[in-house]
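Q: Show me the folded form of this:
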Amino acid sequence: MMRRWSATQRLPARLREPRWLGMLGSALVLGSALALAPLSAIAAVAPRLGTDTSFAVLAASTVTNTGPTSITGDLGLSPGSSVTGFPPGQVNGATHVDDAVAVGAKRDLSTAYDDAFGAPCTATLTGVDLGGLTLVPGVYCFATSAQLTGTLTLNGLGDPNGVFIFKTGSTLTTASSSKVAIINGGPCGVFWQIGSSATLGTDTSFVGTLLVNTSITMNTRATILPGRALAGAKTPSGAVTLDSNIIQTPPGTCTTPSSSTTTTLTTSPNPSTAASPVRFAASVRSAAIPPATPVGSVTFPEGSTTLGTAPLDTTGNATFTTPALAPGSHTIRAVYQGAPGFLPSASTAVVQTVTPAPTPTPTPTPTPTPGLPGTGHPAWSLATTPWTPGVWAPPECLSMPAP
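A: Modelled structure (predicted):
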């Protein structure tokens, strides 16, 4: 008689322990879900953004900024009226504070939030850190909070209009220097429906539209390239808090597959001396598979002031040199503007220290001694003996040089 073996009986004894069986079970469930994701009978559908497509930042109660934040797209607030920190922040778009446009944008945010909330789940990832995963278009659900530590890769499988929706019951938190990378897909179709609040850690490189029930906090130098920070979907107390960030809305349409990029910046010499040239070197690399070299240009901003712009060469590098930095500390980044097939990105900040130019020591000018006219010999000179109080000195006398 043939003996039947269960799946667990075929495992080594050590792996049949409960703690290992639980881990294997989770891995099998996650692996099955991800493998079936592209074959899902119901493809993910993008939420209806309406007028929110033009907004990079939208909140209900307040928008508060610290530092040289750069926003490309509109900024809106309703029903609140407090927008602070601009300048030094810069909005490359329109600002709407509790006007008809802002009221309509808040209404459309509520609709988009409901659309994402109602999307059926492709896979449930509760308790799974998004860092290290590679996902295909679909709807990924978290019963409670979601965490990103490291890099999450979104593979669009060559579809520029593929849709990724992430749904959380409560919060979204990213660790410092975490990243969302897109390969072989479009930047328009990434959405994050967050049940309470979203916090992007320092130097996080994020992609996608945040549809957040309450508030959004972007810590120092976190970026959304491209995407949106839309808060207060269902509450009048939703706020957006910014600190030296870059946010850029996606292009109006997605026509070609795009891939995330990474930009790095170096300067030399550092420290430098005032009025001496400083060279800025930016390197832009793509996450595309197969590898591809980004094209386009890089700007070098200090806060809201652009120091210069340089094109990428055939190796994905751009350089810019300036002698115009004043003495002091200068916080500078390199920002890749993006191009068809390549998403924009920004480097971490580099602090360039410029010291004052040294003050030249003047060279003393010798005092000429006039000669005796017509002789070529020194003139008579008057020799004197320094006088000391209480001490007799001989009288002055004349001395004549030898002929």
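Q: When you work out contacts or count neighbours from here on, use the C-alpha atoms and nothing else.
A: Fine.
Q: got the domain boundaries for the chain?
A: Domain assignment for the chain, taken from automatic domain parsing, gives 26-248, 261-355.
Q: Go through the ones you listed and pick out the most buried.
A: domain 26-248 (a mean of 22; mean count of other C-alpha atoms under 10 Å).
Q: now that domain: how far from the chain's centre is it?
A: 15 Å (C-alpha atoms, centre = their mean, to the nearest Å).
Q: Export the domains of the chain to JSON lines and append columns for distance to Thr361.
A: What follows is these, written out as JSON lines (distance: least, C-alpha to C-alpha, whole Å):
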{"stretch": "domain 26-248", "distance to Thr361": "40"}
{"stretch": "domain 261-355", "distance to Thr361": "17"}
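Q: Indicate each strand paired with the helix or strand harbouring Lys167 and its parallel or antiparallel sense.
A: If you go by DSSP states H and E, Lys167 is part of strand 164-168. Strand 164-168 has its sheet partners listed here by DSSP bridges as strand 138-142 (parallel), strand 190-194 (parallel).
Q: who wins for proximity to Val63 among those?
A: strand 190-194 (18.4 Å; C-alpha to C-alpha).
Q: Past that closest one, which element shows up next along the chain?
A: strand 198-200.
Q: who does that following strand touch, helix- and strand-wise?
A: strand 172-174, strand 216-218 (3 or more C-alpha pairs under 8 Å, 6 or more residues apart in numbering; DSSP states H and E).
Q: quick one: strands adjacent to that strand?
A: Going by DSSP bridges, the partners of strand 198-200 are strand 172-174 (parallel), strand 216-218 (parallel).
Q: Reformat these as CSV; add distance to Pro236.
A: Shown next, in CSV, are the strands paired with strand 198-200 (distance: least, C-alpha to C-alpha, whole Å):
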stretch, distance to Pro236
strand 172-174, 20
strand 216-218, 13
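Q: Look up phi and psi at His96.
A: phi -120, psi 110 (degrees, to the nearest 10).
Q: if I read this right, it contacts Pro79, doesn't it?
A: No: taking C-alpha atoms under 8 Å as the definition, His96 is not a contact partner of Pro79, at 10.8 Å.
Q: of the strands paired with strand 198-200, which approaches Ala100 most closely?
A: strand 216-218 (23.0 Å).
Q: what's the following helix or strand past that closest one packed up against?
A: Downstream of strand 216-218, the first helix or strand assigned by DSSP H and E is strand 223-231. Under the contact criterion of 3+ C-alpha pairs under 8 Å, 6+ apart, strand 223-231 touches strand 55-59, strand 205-212, strand 216-218, strand 240-243, strand 246-248.
Q: Could you export the ones you listed as CSV, including distance to Gly341 and mean pLDDT?
A: CSV is the format used below for the helices and strands packed on strand 223-231 (distance: least, C-alpha to C-alpha, whole Å; pLDDT from 0 to 100):
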stretch, distance to Gly341, mean pLDDT
strand 55-59, 21, 98
strand 205-212, 15, 96
strand 216-218, 27, 98
strand 240-243, 28, 98
strand 246-248, 16, 94
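Q: Can you tell me which of these is nearest to Leu109?
A: Across the helices and strands packed on strand 223-231, closest to Leu109 is strand 205-212 (C-alpha to C-alpha), at 7.2 Å.
Q: other SSEs contacting the closest one?
A: Applying 3+ C-alpha pairs under 8 Å, 6+ apart, we find strand 205-212 packed against helix 100-117, strand 179-185, strand 190-194, strand 223-231.
Q: Mean pLDDT lowest where, among the ones you listed?
A: Ranked on mean pLDDT, the bottom entry among these is strand 179-185, at a mean of 92.
Q: contacts for that one?
A: 150-162, 204-207, 256-261, 287-289 (C-alpha atoms under 8 Å, 6 or more residues apart in numbering).
Q: In strands only, show me these.
A: 151-159, 205-207, 261 (DSSP state E).
Q: Include distance to Pro88 when you put the strands paired with strand 164-168 into CSV, please.
A: Formatted as CSV, the strands paired with strand 164-168 follow (distance: least, C-alpha to C-alpha, whole Å):
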stretch, distance to Pro88
strand 138-142, 37
strand 190-194, 28
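Q: Of all those, which one is nearest Thr348?
A: Taking the strands paired with strand 164-168 one by one with C-alpha to C-alpha, strand 190-194 is closest: 23.4 Å.
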